[in-house]
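K.L.:
build me a model from this:
(one chain, ligands or ions: 1)
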Amino acid sequence: MSPREAGRVSRVVVTPVAFRDPPLLNVVGVHQPYVLRAIVQVHTDAGLMGLGETYADQSHLDRLGAVAAALPGADVFDLNALRAIVVKTLGEGTGGAGASFGGMLEVSSAVDTVVAPFEVALLDLQGRALGRPVSDLLGGAVRDRVPYSGYLFYKWAGHPGHDDDSWGEGRTPEQLVAQARRMVDEYGFTALKLKGGVYEPRHEFETVEALAAAFPGHALRIDPNGAWTVETSVKAAERLSGVLEYLEDPTPGISGMSEVSRQTSIPLATNMCVIAFEHLKPAVAADAVQVVLSDHHLWGGLRRSALLGGICETFGLGLSMHSNSHLGVSLAAMTHLAAATPNLTYACDTHYPWKTEEVVKPGALEFRDGSVAVPTGPGLGVELDEDALAGLHEQYVKCGQRGREDTAYMRSIVPGFTPNTARW
Ligand SMILES: [Mg+2]
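P.N.:
Presented below is the predicted three-dimensional model:
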């Protein structure tokens, strides 16, 4: 395809959507009946349209809307100007008002999270104009397939008041092995991650051991999201060394992780105590983690995530990838990024198997042998299904959720519930 004129940004549309989600349990509560996401469409005066996807809590939507109004006229190749527009629009420097997501992740500046979906959309536009995939714009794909991990959750059989979902209850080690079996059979995953921090640690250790017995040779991880004390984390590391490829966020904070790290040899991973550039220096100085989970939604887009990859390489840190519940626009972006990041050698996390609704047309993103082929079409390589977008927007309007509130939702069912952070 020969290059065509990209044009300048003419119009930006941010559409909040809601898609169904099973009752997946975690340290702060339980997933609500719907996941909220925002689909960003950036149109140019040359008739092109680029896509981005991000969170859709109301405070984030307000910021996205302000930037969307300020973008017309922008050059789609000037990503530094995009960042300047976001900084100016939010009325803050990089240390200004922060952002919070899902009750677990806090950053001191909203700039990176707001830049991200627009940066992805501009890269999609650049690729569409040039006739090249986004992975080429990031330096070129070093792998043509990106491996993902099967993301296992303790869960209820269904949301209270609704029918059971097709996965059923996930509470016992046997039930989690069955859940993993279905994921491995349907998607071919060779890495499995268990979301922990839900039950007392011994139960979760037994679940990991049951998975190891049922899936010999699979790479295993557990992520209790900081539910454990330093002492329990060290015990977990001893008991599960040789079983886990890494232990993710066993205890909260850089100093806690550093204490665990000093007493164990198993690699510690995080997407909680290092989720912004400001956290890298203290984490490296304290040798708190050995693997950083990148996430372009949090780290300011694809090019900033590539920069994170370089920093991790510099300091000898491993690189993996974090996931929140997401749709196909994000999966495409994650796949291009992982393909073009040489030292991203761990299977990336994804919630993809848990969702039953989508906004992109089928065909571009398929799981085979636990991996997704890097789309080779121009830009992200995915096309928006306008009818599906309209349907999921209508669902957003009707569902009444306006933020991610795992703890509040849990309390509506289990009064008095408090998050399990550092509980055990
Ligand atoms: Mg995590």
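K.L.:
what's the burial count for Pro33?
P.N.:
Pro33 is flanked by 18 other residues according to other CB atoms under 10 Å. Every C-beta, even on glycine, is put in place using the N, C-alpha and C of the backbone.
K.L.:
that's a helix at Tyr331, yeah?
P.N.:
No Tyr there; residue 331 is Leu. Yes: counting by DSSP: H, G, I helix; E, B strand; the rest coil, Leu331 is found in a helix.
K.L.:
now do it against the ion, distance only.
P.N.:
18 Å (CB to the ion, to the nearest Å).
K.L.:
same question for Ala340.
P.N.:
In this view, Ala340 and the ion are 23 Å apart by CB to the ion.
K.L.:
Met257 now?
P.N.:
Note on Met257: its distance to the ion, by CB to the ion, is 12 Å.
K.L.:
please, which helix or strand holds that residue?
P.N.:
Here Met257 sits within helix 254-263, counting by DSSP states H and E.
K.L.:
please name every helix or strand in contact with that helix.
P.N.:
Applying 3 or more CB pairs under 8 Å, 6 or more residues apart in numbering; DSSP states H and E, one finds that helix 254-263 makes contact with helix 230-240, strand 268-270, helix 280-285.
K.L.:
among these, which is nearest the ion?
P.N.:
Ranking the helices and strands packed on helix 254-263 by distance to the ion, with CB to the ion as the measure, places strand 268-270 first at 7.3 Å.
K.L.:
quick one: average pLDDT of that closest one?
P.N.:
Per-residue pLDDT values over strand 268-270 give a mean of 98.
K.L.:
quick revisit: quick one: contacts of the helix holding Met257?
P.N.:
If you take CB atoms under 8 Å, 6 or more residues apart in numbering as the criterion, helix 254-263 is touched by 226, 230, 233-234, 237, 249-251, 268, 270, 273-274, 279, 282-283, 286-290, 422.
K.L.:
for Ile222, give me phi and psi.
P.N.:
phi -130, psi 140 (degrees, to the nearest 10).
K.L.:
beta partners for it?
P.N.:
The residues listed as beta-bridge partners of Ile222 by DSSP bridges are Leu194, Leu247.
K.L.:
just to check, it is in contact with Glu245?
P.N.:
No: under the contact definition of CB atoms under 8 Å, Ile222 does not touch Glu245, with a separation of 10.4 Å.
K.L.:
could you check which of the two has the larger neighbour count?
P.N.:
With other CB under 10 Å as the criterion, Ile222 and Glu245 differ in neighbour count, and Ile222 comes out ahead with 26 against 19.
K.L.:
so Asp136 is in which element?
P.N.:
Counting by DSSP H and E, the element that carries Asp136 is helix 134-137.
K.L.:
give me the contact status of the helix or strand following that helix with the ion.
P.N.:
Toward the C-terminal end, the helix or strand that comes next after helix 134-137 (DSSP H and E) is strand 145-153. No: using CB under 5 Å from the ion, strand 145-153 never reaches the ion; the gap is at least 10.0 Å.
K.L.:
ok, stretch 179-196 next?
P.N.:
No: legend: contact between stretch 179-196 and the ion by CB under 5 Å from the ion is lacking; minimum distance shown is 7.9 Å.
K.L.:
report the separation between Ala214 and Pro173.
P.N.:
Distance of Ala214 to Pro173, computed by CB to CB, to the nearest Å: 9 Å.
K.L.:
spit out the contact partners of the residue in the stretch 251-400 of the chain positioned nearest to the ion.
P.N.:
Across the stretch 251-400 of the chain, the shortest distance to the ion (CB to the ion) belongs to Asn271, at 4.2 Å. The neighbourhood of Asn271, defined by CB under 8 Å, 6+ apart, consists of 105, 248-249, 292-293, 295, 322.
K.L.:
again, but for Ala180
P.N.:
Residues touching Ala180, when contacts are defined by CB under 8 Å, 6+ apart, comprise 150, 152, 192, 211, 214-215.
K.L.:
go through the residues you listed and name the one nearest the ion.
P.N.:
Nearest to the ion among the contacts of Ala180 is Leu152, at 13.0 Å by CB to the ion.
K.L.:
in space, what's closest to the closest one - neighbours in sequence excluded?
P.N.:
Leu194 (4.8 Å; CB to CB, 6 or more residues apart in numbering).
K.L.:
what's the burial count for Gly217?
P.N.:
Here the count is done by other CB under 10 Å, and Gly217 has 6 residues near it.
K.L.:
now Arg404
P.N.:
Here the count is done by other CB under 10 Å, and Arg404 has 25 residues near it.
K.L.:
thought it was touching Pro33?
P.N.:
No: applying CB under 8 Å as the test, Arg404 and Pro33 come out as separate, 11.9 Å apart.
K.L.:
who in the stretch 101-250 of the chain is up against the ion?
P.N.:
With CB under 5 Å from the ion as the criterion, the stretch 101-250 of the chain comes near the ion at residues Asp223.
K.L.:
just want the residue of the stretch 101-250 of the chain that's nearest the ion.
P.N.:
Distances from the stretch 101-250 of the chain to the ion, computed as CB to the ion, single out Asp223 as the nearest residue at 4.2 Å.
K.L.:
contacting residues for that residue?
P.N.:
In this structure, Asp223 makes contact with 193-197, 248-249, 269, judged by CB under 8 Å, 6+ apart.
K.L.:
low pLDDT regions in the protein?
P.N.:
Along the chain, segments meeting pLDDT under 70 span 1-2, 92-97, 100-105.
K.L.:
which residues of it fall in helices?
P.N.:
Read by DSSP state H, the chain holds these helices, from start to end of the chain: 58-70, 79-90, 111-130, 134-137, 173-187, 201-214, 230-240, 254-263, 280-285, 296-299, 302-314, 328-339, 386-399, 406-413.
K.L.:
taking the centroid of this protein, which residue is nearest it?
P.N.:
Centroid check for the chain by CA atoms, centre = their mean gives Ser323 as the closest residue, at 2.1 Å.
K.L.:
which ones are touching that residue?
P.N.:
Contact criterion CB under 8 Å, 6+ apart gives 151, 295, 334, 348-351 as the residues in contact with Ser323.
K.L.:
let's see that with 6 Å instead.
P.N.:
Contacts were defined as CB atoms under 6 Å, 6 or more residues apart in numbering; by that measure Ser323 touches 349-351.
K.L.:
per-domain residue ranges of the protein.
P.N.:
In the assignment given by automatic domain parsing, the structural domains of the chain cover 4-135+386-410, 136-373.
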